[in-house]
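Asks: based on what follows, work out the 3D shape:
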Amino acid sequence: MVINLCLPQFRPRIHCNKISADGYEVENLISEDLTKRSRGFRTEYFIKPPVYVTVSFPFNVEICRINIDLTAGGGQNVTGLEMYTSAS
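Replies: Numbers count the residues shown, from 1 in each chain. I've put the predicted structure just below:
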(Lines give C-alpha, C1' and ligand atoms only; values in the text may rest on other atoms or scores of the structure.)
Protein backbone atom coordinates (compact mmCIF):
# COMPACT_ATOMS: atom_id res chain seq x y z
CA MET A 1 0.00 0.00 0.00
CA VAL A 2 1.29 3.47 -0.91
CA ILE A 3 0.27 6.45 1.22
CA ASN A 4 1.16 10.09 0.61
CA LEU A 5 2.46 11.10 4.05
CA CYS A 6 2.85 14.71 2.94
CA LEU A 7 -0.91 15.27 3.11
CA PRO A 8 -2.05 17.65 5.89
CA GLN A 9 -3.91 15.00 7.91
CA PHE A 10 -0.54 13.37 8.72
CA ARG A 11 0.76 16.71 10.11
CA PRO A 12 4.07 16.82 8.25
CA ARG A 13 6.39 19.75 8.85
CA ILE A 14 8.55 21.21 6.10
CA HIS A 15 11.41 23.68 6.10
CA CYS A 16 13.81 25.07 3.52
CA ASN A 17 17.09 26.84 4.20
CA LYS A 18 16.69 29.22 1.22
CA ILE A 19 14.01 31.70 0.19
CA SER A 20 11.39 30.69 -2.35
CA ALA A 21 9.95 32.44 -5.36
CA ASP A 22 6.60 34.15 -4.75
CA GLY A 23 3.80 31.61 -5.10
CA TYR A 24 6.22 28.66 -5.01
CA GLU A 25 6.76 28.36 -1.25
CA VAL A 26 8.09 25.10 0.14
CA GLU A 27 4.82 24.75 2.09
CA ASN A 28 3.10 24.11 -1.26
CA LEU A 29 4.54 20.60 -1.16
CA ILE A 30 2.41 19.68 1.85
CA SER A 31 -0.56 21.98 1.20
CA GLU A 32 -4.15 20.81 1.41
CA ASP A 33 -4.87 23.05 -1.60
CA LEU A 34 -4.34 20.91 -4.71
CA THR A 35 -3.55 23.98 -6.83
CA LYS A 36 -0.69 24.98 -4.52
CA ARG A 37 0.55 21.41 -4.26
CA SER A 38 0.64 21.01 -8.04
CA ARG A 39 2.44 24.37 -8.39
CA GLY A 40 5.23 22.99 -6.24
CA PHE A 41 8.31 24.65 -4.82
CA ARG A 42 10.93 26.80 -6.50
CA THR A 43 13.67 28.96 -5.05
CA GLU A 44 14.34 32.48 -6.27
CA TYR A 45 16.33 32.59 -9.50
CA PHE A 46 19.45 34.00 -7.79
CA ILE A 47 19.73 31.24 -5.17
CA LYS A 48 22.84 29.07 -5.43
CA PRO A 49 22.94 25.42 -4.37
CA PRO A 50 22.81 23.57 -2.16
CA VAL A 51 19.17 23.93 -1.15
CA TYR A 52 18.04 21.83 1.80
CA VAL A 53 14.39 20.85 2.17
CA THR A 54 13.60 19.04 5.42
CA VAL A 55 10.35 17.13 5.86
CA SER A 56 9.57 15.70 9.28
CA PHE A 57 6.68 13.65 10.59
CA PRO A 58 5.25 13.27 14.10
CA PHE A 59 5.75 9.49 13.89
CA ASN A 60 8.29 6.99 12.58
CA VAL A 61 8.01 6.19 8.88
CA GLU A 62 9.25 3.29 6.80
CA ILE A 63 10.04 4.74 3.38
CA CYS A 64 9.57 2.42 0.42
CA ARG A 65 9.17 4.94 -2.41
CA ILE A 66 9.64 8.67 -2.98
CA ASN A 67 8.17 10.42 -6.03
CA ILE A 68 9.91 13.64 -7.04
CA ASP A 69 9.32 15.70 -10.18
CA LEU A 70 12.58 17.45 -11.05
CA THR A 71 11.27 19.47 -13.99
CA ALA A 72 12.13 22.91 -12.68
CA GLY A 73 11.09 25.19 -15.52
CA GLY A 74 11.70 28.92 -15.33
CA GLY A 75 15.30 28.56 -16.48
CA GLN A 76 16.37 26.61 -13.39
CA ASN A 77 18.05 23.24 -13.71
CA VAL A 78 18.32 20.40 -11.25
CA THR A 79 21.75 18.84 -11.54
CA GLY A 80 21.79 16.61 -8.50
CA LEU A 81 19.67 15.20 -5.74
CA GLU A 82 20.72 13.71 -2.42
CA MET A 83 18.42 12.26 0.24
CA TYR A 84 19.14 11.57 3.86
CA THR A 85 16.95 9.97 6.50
CA SER A 86 17.16 9.95 10.26
CA ALA A 87 15.21 8.68 13.22
CA SER A 88 14.95 10.50 16.51
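Asks: which residue ranges of the chain form strands?
Replies: Applying DSSP state E to the chain gives strands spanning 13-16, 53-56.
Asks: please identify the buried residues of the first one?
Replies: This points to strand 13-16. Neighbour-count burial for strand 13-16, counted by 16 or more other CB atoms under 10 Å, picks out 14, 16. Any C-beta I mention is one placed from the backbone N, CA and C, and that applies to glycine too.
Asks: report the mean per-residue pLDDT for that strand.
Replies: Per-residue pLDDT over strand 13-16 has a mean of 96.
Asks: can I get the strands of the chain in CSV including distance to Glu32?
Replies: Shown next, in CSV, are these (distance: least, CB to CB, whole Å):
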stretch, distance to Glu32
strand 13-16, 13
strand 53-56, 16
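Asks: quick one: closest of the ones you listed to Cys6.
Replies: Nearest to Cys6, of all the strands of the chain, is strand 53-56, at 6.8 Å by CB to CB.
Asks: hmm, who's touching the closest one?
Replies: 6, 12-16, 26, 29-30, 41 (CB atoms under 8 Å, 6 or more residues apart in numbering).
Asks: repeat that for 6 Å
Replies: For strand 53-56, the surrounding residues in contact (CB atoms under 6 Å, 6 or more residues apart in numbering) are 12-16, 26.
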